[in-house]
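>>> Just the structure for this:
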Amino acid sequence: MKSLIALWNVLANEMADRCSTSTTMDVNTVRGRSEHEGLSFLTITLPTFGKDFQYCLDQGFIVPEAFPSFKKVGSCLPSFLRGFTERVFSSSTGVLLDEPDIEAIYAIRQLTLIFSKMLLPCTPERERKAMSDYIQCDMEVSNVEACLPNSDVDEFGRMAQLLFRDLFSYLDREIWTGRIIPKHGPGAVAERLTSNGKYLSRYWTDRLESVFHVGDFLYPNARYIGDAFEDDGVDFHEPGSEIPCRVISVPKTQKTPRIIAIEPSSVQYVQQGLLEVIMRKIHSSFLNGFIGTRSQEPNQLLAQEGSLTRDLATLDLSEASDRVSSKLVRKLVERNRLSESAIFACRSERASVPGFGIIPLSKFASMGSALCFPFEAMVFLTIIFLGIEKEQGHRFTKKSQLLEFLGRVRVYGDDLVVPVDYVHTVVDLLEHYGAKVGRPKSFWNGSFRESCGKEYYAGQDVSIVKVRRVFPQRRQQVAEVVSFVELRNQLYFAGNWATAKWLDGKIEGLLSVFPTVEPTSPALGRHSFLGYVSEKEDEHLHRPLVKAHVVSSRSPRDPLDGPGALLKFFLKRGPEPTFDAEHLERAGRPRTAYIKTRWVPPF
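Below you'll find the predicted structure:
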């Protein structure tokens with residue numbers, strides 16, 4: 001924690017120089033409260049200040065309930081960071097200044113939110129609460145399904161048909177003609193199989209078999225099917241005996257963990273095949289202008305435009321994936337029976353939740369399902385257009401009416417961009433259909449906008465750099481060392497050169513060599529606007545080289561042969577499939593990594 005406080009002090013002094021103010025009292029406050037409250041002051045209390053500040057920016061004044069953990073002495077502004085806040089808000093009235101200092105806005109956000117996303121384990125109490133909230137969220141989804149009028153569900157289905165009719169007709173044809181090619185993802189599965197071990201799985205369900213014949217999915221060709229059924233056979237499961245998805249928590253912030261679900265191998269296997277077809281159709285249709293799948297940049301550019309013109313609002317949804325009702329997803333595809341059967345055949349109907357046992361699921365899918373991301377986007381886009389339609393007072397009947405909103409409506413997961421003129425109706429409808437709009441992280445009043453990790457005020461980029469991991473104490477802490485170097489380079493390109501120079505000294509005490517290289521180099525090195533510095537020339541390739549530390553890792557041993565190896569070959573995409581030379585001996589994510597010293601190109 002001392003290293004984190006030292007970093008904050010250096011950064012605060014640099015921000016003070018840039019804004020012509022002083023942070024002496026602020027530095028003392030952070031040091032004293034950190035010693036008294038512990039790491040949670042940096043990772044929870046400080047970020048709460050930053051979020052309250054953003055909310056006040058959007059409202060245009062200091063709201064009375066903001067900054068509850070910080071004193072306000074002699075002003076409606078908090079005493080902490082007042083040298084910066086008084087450059088944004090009036091110290092007497094708390095109203096936003098006509099021309100707030102953009103540099104001060106950036107400084108406040110950087111100083112308060114820098115530790116907001118550290119990957120730290122939560123306390124057992126917070127872990128238990130997160131699991132309890134997962135259960136509670138599913139119950140709320142069930143209640144919404146029960147209370148939602150049939151007329152509203154029908155309206156949802158009507159708009160969904162206008163948006164996605166062609167998409168699901170295409171999916172129907174691909175399923176009917178047998179062109180769904182399954183795929184194993186890189187992640188874990190509920191049975192805890194290894195990466196290559198997934199190709200030997202014989203787990204299948206009756207629900208999957210009703211749409212996809214097991215012989216077309218688990219075997220490389222028909223030659224092996226008969227022998228397999230005679231020997232060990234396929235382990236068919238009825239709905240009541242299916243393996244449930246396994247709910248786990250992974251580090252997110254110290255305040256709360258991220259809850260995800262690990263799907264059974266065959267379920268995820270089919271989901272990936274359907275996902276590929278759905279994404280291919282989205283990319284080739286008008287939906288590509290509304291739903292983001294490949295790049296976050298369009299959402300970010302719209303957020304910048306919205307901050308400048310105030311015509312576009314950015315909305316953030318809480319627990320987005322866990323609040324998408326399976327009833328709404330079924331309504332999306334109800335007129336395409338083959339697509340509906342396929343999508344719900346590979347949906348986990350039950351989940352194993354630590355401390356709560358196996359529960360039935362009302363939500364369509366948790367984070368971890370391959371189909372979670374596209375279907376939550378489809379549901380949210382449908383609701384957005386229902387809100388626009390309601391505000392305009394007439395129904396959309398033609399696709400051309402939707403196309404008028406290209407460049408004004410966009411969905412990327414739980415990050416939404418909508419026109420400000422319709423935002424209140426859209427928010428009301430989102431919550432009516434079960435979503436939960438994060439009001440403190442949704443912006444439409446002022447000039448502040450945020451979407452997909454980028455923040456803007458009045459068209460100016462005020463995005464910040466965040467510390468992701470604790471600082472390393474030795475070179476063997478590979479993940480921490482890599483994160484430490486990335487932090488230094490991100491701060492450098494953000495213009496925080498004094499802080500980057502301070503980090504240089506810390507890194508040089510940890511790594512014996514730390515050369516200047518390009519961002520594309522494999523070396524752990526410092527990045528600079530001035531380019532790289534060559535140390536010698538490769539005698540064979542005649543290219544510049546530098547001596548640097550490089551991260552080295554190797555996949556674990558995971559031998560695969562026989563039908564499984566042949567199946568892996570046939571499932572490889574591309575006209576000329578390429579494999580790693582050891583892919584049948586080693587596979588999966590490396591369990592360990594090492595830092596080695598080598599001569600490498602600096603670009």
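
>>> Pop the domain breakdown of this protein in here.
2-116, 125-293+316-374, 478-600 (automatic domain parsing).

>>> For A523, name its beta-bridge partners.
V550 (DSSP bridges).

>>> Does it touch V551 like I think?
No. Using CB atoms under 8 Å, A523 makes no contact with V551, being 9.5 Å away. For every residue, glycine as well, the C-beta is placed using N, CA and C.

>>> next SSE after the lowest-mean-pLDDT helix or strand in the chain?
One helix or strand of the chain scores below all others by mean pLDDT, DSSP states H and E: helix 223-230, with a mean of 65. Next in sequence after helix 223-230, counting helices and strands by DSSP states H and E, comes strand 235-237.

>>> which neighbours does that following strand have in its sheet, and in what orientation?
Strand 235-237 has these strand partners (DSSP bridges): strand 203-205 (parallel).

>>> now the helix or strand following the partner strand: how far from the chain's centre is it?
Proceeding N to C from strand 203-205, the next assigned helix or strand is helix 206-209, under DSSP H and E. The chain centre lies 31 Å from the centre of helix 206-209; the measure is CA atoms, centre = their mean, to the nearest Å.

>>> quick one: average pLDDT of helix 206-209?
On average, the pLDDT along helix 206-209 is 96.

>>> quick one: contacts of it?
Here helix 206-209 makes contact (CB atoms under 8 Å, 6 or more residues apart in numbering) with V214, F236, H237, E238, P239, E242, S266, V267, V270, F344, A345, C346.

>>> Filter those residues down to just the ones in helices.
S266, V267, V270, F344, A345 (DSSP state H).

>>> ok, and the most crowded of these?
When neighbours are counted by other CB atoms under 10 Å, S266 leads the ones in helices among the contacts of helix 206-209 with 30 neighbours.

>>> Contact partners for it?
Shown in contact with S266 (CB under 8 Å, 6+ apart): S201, Y203, W204, T205, L208, F217, L218.

>>> The fourth one contacts P239, doesn't it?
Right, the one you point to is T205. Yes. Using CB under 8 Å, T205 is in contact with P239, at 7.5 Å.

>>> the more surrounded of these two?
T205 (22 against 10).

>>> sorry, back to before: which two from the ones in helices among the contacts of helix 206-209 end up farthest apart in space?
S266 and F344 (14.7 Å; CB to CB).

>>> from what I can see F380 touches R410, true?
No. Using CB under 8 Å, F380 makes no contact with R410, being 10.5 Å away.

>>> residues shared between the contacts of those two?
Counting by CB under 8 Å, 6+ apart, the shared contacts of F380 and R410 are L416.

>>> Am I right that R109 falls within a strand?
No. Counting by DSSP: H, G, I helix; E, B strand; the rest coil, R109 falls outside a strand, being helix.

>>> What about it, how many residues nearby?
23.

>>> Torsion angles phi and psi at the residue nearest to it when sequence neighbours are not counted?
The spatially closest residue to R109, leaving aside those adjacent along the chain, is I464, at 5.2 Å (CB to CB, 6 or more residues apart in numbering). Main-chain torsions, I464, degrees, to the nearest 10: phi -120, psi 170.
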